[in-house]
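Undergrad: From the sequence below, what's the structure:
(2 chains)
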Amino acid sequence: MQMTASDVGGVLVVTVMDRRIDAAVAVRFKDRMQELTQASPERVVLDLSQVEFLDSSGLGAVVGSMKHLGRERKLDLAALTPTVEKVFRITRMDRVFRIYPSTETALEAAANA
Amino acid sequence: MPDDGSMSGASKKPLENPNFGQPKLVFDKTYPADFRWVRRAVQNAVEELHADGLGEETLGSVEIVLAEALNNVAEHAYPEDTPGDMRLIIHRRSKALMFEIRDRGKPMPKGRTPIGNHPMTEFNQHDAMPEGGYGWFLIREIVSDLVYDRQDDENFLVIRMALDA
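TA: Presented below is the predicted three-dimensional model:
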């Protein structure tokens, strides 16, 4: 699972480089998220612009990552591609997560908050 | 299907409208039932349907439905120490896709497909938010019909997905 993390003005931006978060890699995604967000700042933005497909296992892993951050930290999502967006919309998880059209808009929203 | 006599004289122009009447077989492949092969199967099927002219929006729905249905076989059909195969067959009709998924594993619990309610209740707090159980919900939200049958130790899941005109 190729994922990178960088601190952008006090926000941790995690970018998934793989094209799919499916049942074959969901556990590794969750493990990698835990590694990367260890001692992360209060806000984490998950950049999904490279991810073309996510199934219910991938969705569960994103939910699990959010839960792992606890109540003190926040996981926002950015740049969902059409099929990934569809999965979030149908399951109504688009109401659970704050979703931004791009990482840039997610970071701007933080600056204005 | 009444149309078994495809070689009969009745079909004078068999290539003129392949979507009319008899469904067109677009895919029939067998894979080992595990998650890595589910990924391959889904990608192969999407490529084939893309070549057959389906649009991105429909292909996205196909990808979700097939991934969830095949993941279910990979996860539940066979015991871990006795892996088996799964077969995916796709027919295209003029206004629908028919997916047939077959395996020789265990029958579905209670002999039917799960109801597939949304796993989240409004009482769920942040910490209790379910991390699974969205699969059948996704399938049922997208497809038009879902039929499960079992004959001679083989499971058949037949899914019909309407195609927008």
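
Undergrad: Next, the contact list for B:Ala128, please.
TA: Going by C-beta atoms under 8 Å, 6 or more residues apart in numbering or on different chains, B:Ala128 touches no other residue. For the C-beta atoms, the positions are set from N, CA and C on the backbone; glycine is no exception.

Undergrad: And for B:Ser61, the neighbour number?
TA: Per other C-beta atoms under 10 Å in any protein chain shown, the neighbour tally for B:Ser61 reads 21.

Undergrad: quick one, phi/psi of it?
TA: B:Ser61 has phi and psi values of phi -70, psi -40 when expressed as degrees, to the nearest 10.

Undergrad: what's the closest non-adjacent residue to it?
TA: Among residues not flanking B:Ser61 along the chain, B:Ile142 sits closest, at 5.1 Å (C-beta to C-beta, 6 or more residues apart in numbering or on different chains).

Undergrad: swap in A:Gln2?
TA: A:Met17 is the one closest to A:Gln2 (C-beta to C-beta, 6+ apart), at 3.6 Å.

Undergrad: my read: the one you found touches A:Val25, true?
TA: No. Assessed by C-beta atoms under 8 Å, A:Met17 is found out of contact with A:Val25, at 11.8 Å.

Undergrad: out of the two, which sits in the more crowded spot?
TA: Shown here are A:Met17 and A:Val25; by other C-beta under 10 Å, A:Val25 has more neighbours (20 against 11).

Undergrad: can you pull the pLDDT of the more buried one?
TA: Note for A:Val25: predicted pLDDT of 97.

Undergrad: cool, and B:Gly116?
TA: B:Gly116 is assigned 82 on the pLDDT scale.

Undergrad: Repeat that for B:Gly133.
TA: On the pLDDT scale, B:Gly133 gets 86.

Undergrad: cool, A:Ala78 as well?
TA: Looking at A:Ala78, the pLDDT reads 98.

Undergrad: Quick check: it vs A:Ser57, distance?
TA: Going from A:Ala78 to A:Ser57 by C-beta to C-beta, to the nearest Å gives 21 Å.

Undergrad: tell me, what residue is most central in chain A?
TA: For chain A, the residue nearest the mean C-alpha position is A:Leu46 (3.0 Å; C-alpha atoms, centre = their mean).

Undergrad: Give me the buried stretch members for the strand or helix carrying that residue, please.
TA: Here A:Leu46, judged by DSSP states H and E, is contained in strand A:43-47. Of all the residues in strand A:43-47, those buried under the rule 16 or more other C-beta atoms under 10 Å in any protein chain shown are A:Arg43, A:Val44, A:Val45, A:Leu46, A:Asp47.

Undergrad: sec struct for B:Pro114, please.
TA: coil (DSSP: H, G, I helix; E, B strand; the rest coil).

Undergrad: Isn't it up against B:Trp136?
TA: Yes. Contact criterion C-beta under 8 Å: B:Pro114 and B:Trp136 qualify, at 4.6 Å.
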